[in-house]
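Participant: how does the following fold in three dimensions:
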Amino acid sequence: MPAKTAHSKTAHSKTAPADAAPADAAPAEATPSQPSETAEAAKSAKSAKPAETAKPSKAAAPAKPARTPKPESRLAMIRRARRINRELAEVYPYAHPELDFRNPFELLVATVLSAQTTDLRVNQTTPALFAAYPTPEAMAAAAPEDLEELIRPTGFFRAKSRSLLGLSQALCENFGGEVPGRIEDLVTLPGVGRKTANVVLGNAFGVPGITVDTHFGRLVRRFKWTEQEDPERVEEEICAIFPKSEWTMLSHRVVFHGRRICHARKPACGACPIAPLCPSYGEGETDPDKARKLLKYEKGGQPGQRLSPPADYPGLPAPPLGARTP
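Facilitator: Numbers count the residues shown, from 1 in each chain. Here you go, the predicted model:
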């Protein structure tokens, strides 16, 4: 009998599949398809809140307009105006009329000549004029061409010559050769208006008055004391702000300030002692160093306008006509 092929138990044992994992191998990592993780993912997805849609940003609120300052009351303006006058009195304790004169007639003539020119040019011209015609009688008898030649440096010499001849004759005929001390009489003279009359009355007769020249009118409008342009209206409104006793010296102080610091075209705001009180601060140069270079006359180290200034004037006298300015 043929021999049976020996079959060991091992021969009959099933061979482990080639891809079977060894007994001691770590279990394979779970994949997302496994039920446990799928349930967790579903649970998380269910509980997750949908992403919030970004809300459109609100438009920025418009900026509030700056609060408009309250208009200055009349009482506040008067108080400020009087304080400016006090401050100017400390800055210019030597303020004075800037025309050289020795009597009312010389002041009257010099004021008429000062129209459309500087006080300096008038002061340089009048010594020769008064040497030739010292009185109304002498001037009334002058030959027009001789008078014109003497006052030629002041400009508009023909019209001014007619005024001087006319007022000299009127003084001789109507006032005994004397300058009257009333404004009603002064304004009847040829070439004499309220401005000239107030200059004469205030400085030759001690009668208070406001002198509204170009400097005075410019500054009182910058100070917001008035908005008027007409000289008589300006005079009326400024007189209502100040005591009568202050009128003449107020005029001198304001004119001094206008000629030295508060110039027409480029005021020296940065060197102005009353800048905190001035509503027009900033119209001119505000840099202190640059502003100081704009100062004139004694404030800028230059000669003044009078050849014979008062004893208390701190600056240099003006040079005679034709002389070099130091």
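
Participant: what is the burial count for the residue nearest to residue 128 when sequence neighbours are not counted?
Facilitator: Distance criterion CB to CB, 6 or more residues apart in numbering; nearest residue to residue 128, sequence neighbours excluded, is residue 150 at 5.8 Å. All C-beta spots, glycine's among them, are computed from the backbone N, C-alpha and C. Neighbours of residue 150 under the rule other CB atoms under 10 Å: 20.

Participant: how far away is residue 150 from residue 200?
Facilitator: As judged by CB to CB, to the nearest Å, residue 150 and residue 200 stand 21 Å apart.

Participant: surely residue 203 meets residue 95?
Facilitator: No: between residue 203 and residue 95 there is no contact under CB atoms under 8 Å: 11.4 Å.

Participant: quick check: closest non-adjacent residue to residue 88.
Facilitator: Residue nearest to residue 88 in three dimensions, not counting chain neighbours: residue 253, with 4.0 Å by CB to CB, 6+ apart.

Participant: ok, that neighbour - contacts?
Facilitator: Applying CB atoms under 8 Å, 6 or more residues apart in numbering, one finds that residue 253 lies in contact with 85, 88-89, 91-92, 95.

Participant: export these to TSV and tack on distance to residue 196?
Facilitator: Formatted as TSV, those follow (distance: CB to CB, whole Å):
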residue	distance to residue 196
85	23
88	23
89	25
91	27
92	23
95	19
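
Participant: looking at these, which one is closest to residue 261?
Facilitator: Lowest distance from residue 261 to those (CB to CB) belongs to residue 91, with 8.7 Å.

Participant: that closest one and residue 274, how far apart?
Facilitator: Here the criterion is CB to CB. By it, residue 91 lies 8 Å from residue 274.

Participant: please apply the same query to residue 101.
Facilitator: Separation of residue 101 from residue 274 (CB to CB): 29 Å.

Participant: what are the phi and psi values at residue 303?
Facilitator: phi -60, psi 160 (degrees, to the nearest 10).

Participant: okay, and the beta partners of it?
Facilitator: Note on residue 303: beta-bridge partners by DSSP bridges are residue 316.

Participant: ok, now how distant is residue 147 from residue 321?
Facilitator: The span separating residue 147 from residue 321 equals 17 Å under the rule CB to CB.

Participant: who's more crowded, the two?
Facilitator: Counted by other CB under 10 Å, residue 147 and residue 321 do not tie: residue 147 has more neighbours, with 22 against 15.

Participant: enumerate every residue touching the more buried one.
Facilitator: 133, 139, 161, 164-165 are the contacts of residue 147 under CB under 8 Å, 6+ apart.

Participant: between those residues, identify the one with the most neighbours.
Facilitator: Highest neighbour count within the contacts of residue 147, by other CB under 10 Å: residue 164, with 28 neighbours.

Participant: dump the residue contacts of it.
Facilitator: By CB under 8 Å, 6+ apart, the contact list for residue 164 reads 109, 112-113, 139, 147, 151, 191.

Participant: phi, psi of it?
Facilitator: phi -70, psi -40.

Participant: neighbours around residue 322, how many?
Facilitator: Residues near residue 322, counting by other CB under 10 Å, number 7.

Participant: kind regards, and thank you for your time.
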